[in-house]
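*Asks:* Could you look at this predicted model? Sequence included:
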Amino acid sequence: MIGLGYVGISLAVALAHEGHRVIGVERNRVICEQLSRGRAHVHEMGLDLAGAIDSGRFTVTDSLPEGQGIDTYVVCVGTPVDAGGDPDLSQVEAVIGSLGETAADGALVVLRSTVPVGASRRLLAELRSHRDIELAFCPERTVQGVAVRELHTLPQILAASTPCARARAAALFRTLTPDIVDVSSFETAEIAKLACNAYRYTVFAFANELARLCESVGVSSREVRDAAAAGYERGAIPAAGPVGGSCLPKDTRILSRAFRDHGSADSELLGGVTQVHSDVPERVAEQVASRMADSACAGPLNVALLGVAFKGHPETDDERSSPAVEIVEGLRRRFGALAVRSHDPLVPEARQLALGYQPCAEVKEAVEGADLVILGTNHRMYADLSLDWLTSQIDNSCLVYDTWAMHVRDSSALDEQMAYLAFGEGKSE
Ligand SMILES: NC(=O)c1ccc[n+]([C@@H]2O[C@H](COP(=O)([O-])OP(=O)(O)OC[C@H]3O[C@@H](n4cnc5c(N)ncnc54)[C@H](O)[C@@H]3O)[C@@H](O)[C@H]2O)c1
């Protein structure tokens, strides 16, 4: 298993629990060392790393092992996009280059990372220029946070270089789930994977556009959605709120880029979806800034950020591309220096410090003396907070901004002085 991030470590441990002998390869020595001691560096619910290590079937190393009778290599390294939106395949290409040199003839390489349309075929040609190696593309589709459960429930889309490679990859994944979805080409599997995430991102963009309109009109987008879906399934629209993370935005960009790369006109729809989402943190920062324009603070604005991760449900410790962090950046650009006290049930303190925040162990500590409280994610613990309790901890002059409108129903009972704003809720002040 090459690359032990969220995807690689979850799959490695799951396969070891099913009786496979798995060697995890992670180039980051700090992570490698931590994993070897049985301590996971990412939060995935139910991940039994210590059990896998104790079984003797899972070991971790920082370099690609040679020999040792390895017949299958699973590639789970990162495939980000660069600042210009171009896919950066350097991690995958480096691994494929090394496998071309070290893997034995007849080995099977399973590509698990998300790749651009046409990449698997190109990577197979690269492998074959060295040796007689088989390739299968079996994209990961789990949702971060509940990957361990989903590895045993989701069907596995599979494309392969030969019927033999298909049978070998299918046998591997059948140890986790009975459902294998055979497709006829690498490109079909690549587009299907990207489409799953781009479709979700598109639906969320629609909800957020509608929320923007509701704010302008002065109505509640929650009430609009509830009315649209009442007894009418075709009207079900997901909740509005800031969406980020390292998969949905990136995969939508990769799919969008495929149109141009394959000679089709650019997808205005997907470009618009990306734009809608990237505007959200700025729009929230602007709303907050204009609401607070009159508040005279002596020093830097005191901000309490509750929820640093990119999402709260399913919960994760991952703060990559977190909209909450981007909202704070937007505020920094408007207010200059900020004093940010943060709280998050899972994002490690060191990573909150690296963002320039002062991490707090308790919500109470974070909100004390705040001029602005941002409910940054829809984590259950923030949804379960009582708005009464929260407002009793802060001054009347403090603004509460609720990015997932979790408390909009209780906000009408607030003291008139108390300022509460919620995403997409034009009528909730
Ligand atoms: N995170 C998710 O929930 C998720 C879900 C579905 C698909 N994916 C896709 O799966 C892939 C991996 O995602 P992730 O979130 O686990 O990434 P990640 O960035 O968390 O982990 C990748 C790991 O690979 C390691 N690595 C890179 N090059 C290496 C090499 N040559 N040898 C050994 N280790 C190496 C990195 O150090 C890193 O720890 C991406 O393509 C992503 O788009 C992710």
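*Replies:* Everything's here; your move.
*Asks:* all contacts plus neighbour counts: C-alpha atoms, from now on.
*Replies:* OK.
*Asks:* Give me every residue in this protein lying close to the ligand.
*Replies:* Applying Cα under 6 Å from any ligand atom, one finds that the chain approaches the ligand through 2-8, 25-28, 76-79, 91, 95, 113-114, 140-144, 247.
*Asks:* Now intersect those with the strands, please.
*Replies:* Using DSSP state E, residue 25 are the members of the residues of the chain next to the ligand that sit in strands.
*Asks:* where does the residue nearest to the spatial centre of the chain land on pLDDT?
*Replies:* Centroid check for the chain by Cα atoms, centre = their mean gives residue 245 as the closest residue, at 3.4 Å. Per-residue pLDDT puts residue 245 at 97.
*Asks:* does it count as helix, strand or coil?
*Replies:* coil (DSSP: H, G, I helix; E, B strand; the rest coil).
*Asks:* Am I right that it is in contact with residue 326?
*Replies:* No - the criterion here is Cα atoms under 8 Å, and residue 245 misses it with residue 326 at 11.5 Å.
*Asks:* residues touching residue 359, list them.
*Replies:* Residues near residue 359 by Cα atoms under 8 Å, 6 or more residues apart in numbering: 341, 342, 343, 349, 352, 353, 366.
*Asks:* Quick check, residue 220 in contact with residue 423.
*Replies:* No - if you go by Cα under 8 Å, residue 220 and residue 423 don't touch, sitting 9.3 Å apart.
*Asks:* Need the overlap of contacts for the two.
*Replies:* residue 211.
*Asks:* Next one: the residue in the stretch 251-400 of the chain positioned nearest to the ligand from residue 188, what distance?
*Replies:* Using Cα to the nearest ligand atom, the single residue of the stretch 251-400 of the chain nearest to the ligand is residue 251, 7.1 Å away. The gap separating residue 251 from residue 188 is 15 Å, by Cα to Cα, to the nearest Å.
*Asks:* more neighbours, those two?
*Replies:* Per other Cα atoms under 10 Å, whichever of residue 251 and residue 188 has more neighbours is residue 251, with 25 against 16.
*Asks:* Give me the spatial nearest neighbour of that one, chain neighbours excluded.
*Replies:* The shortest distance from residue 251 to any non-neighbouring residue, by Cα to Cα, 6 or more residues apart in numbering, is to residue 194 (5.6 Å).
*Asks:* ok, that neighbour - how many residues close by?
*Replies:* 25.
*Asks:* Only the buried residues of the helix or strand hosting it, if you could.
*Replies:* Element membership of residue 194 [criterion: DSSP states H and E] is helix 186-217. By 16 or more other Cα atoms under 10 Å, the buried positions in helix 186-217 come out as 186-195, 197-198, 201-215.
*Asks:* and after that helix, which helix or strand comes next?
*Replies:* Criterion used, DSSP H and E; the element after helix 186-217 is helix 221-229.
*Asks:* ok, and what's touching that next one?
*Replies:* So helix 221-229 is contacted by 210-211, 214-215, 235-240, 424-426 (Cα under 8 Å, 6+ apart).
*Asks:* Surely residue 426 and residue 214 touch.
*Replies:* Yes - Residue 426 is within contact range of residue 214, at 6.0 Å (criterion: Cα under 8 Å).
*Asks:* Mutual contacts of those two, please.
*Replies:* Contacts common to residue 426 and residue 214, judged by Cα under 8 Å, 6+ apart, are 220, 221.
*Asks:* just to revisit the earlier point, which helix or strand contains the residue of the stretch 251-400 of the chain closest to the ligand?
*Replies:* Using DSSP H and E, residue 251 falls in helix 248-261.
*Asks:* who's in contact with that helix?
*Replies:* If you take Cα under 8 Å, 6+ apart as the criterion, helix 248-261 is touched by 80-81, 85-87, 114-117, 191, 194-195, 197-198, 200-201, 265-267, 270-271, 274.
*Asks:* go again using 6 Å as the cut-off
*Replies:* 116, 194, 197, 198, 201, 266, 270 (Cα atoms under 6 Å, 6 or more residues apart in numbering).
*Asks:* how many other residues sit next to the closest residue to the ligand within the stretch 151-300 of the chain?
*Replies:* Among the residues of the stretch 151-300 of the chain, residue 247 lies nearest to the ligand; the distance is 5.4 Å by Cα to the nearest ligand atom. By the measure other Cα under 10 Å, the count of residues near residue 247 is 20.
*Asks:* Would you report the backbone torsion angles of it?
*Replies:* phi -110, psi -60 (degrees, to the nearest 10).
*Asks:* same deal with residue 134?
*Replies:* Dihedral angles (degrees, to the nearest 10) for residue 134: phi -100, psi 150.
*Asks:* Now for it: which residues touch it?
*Replies:* Contacts of residue 134 (Cα under 6 Å, 6+ apart): 108, 165.
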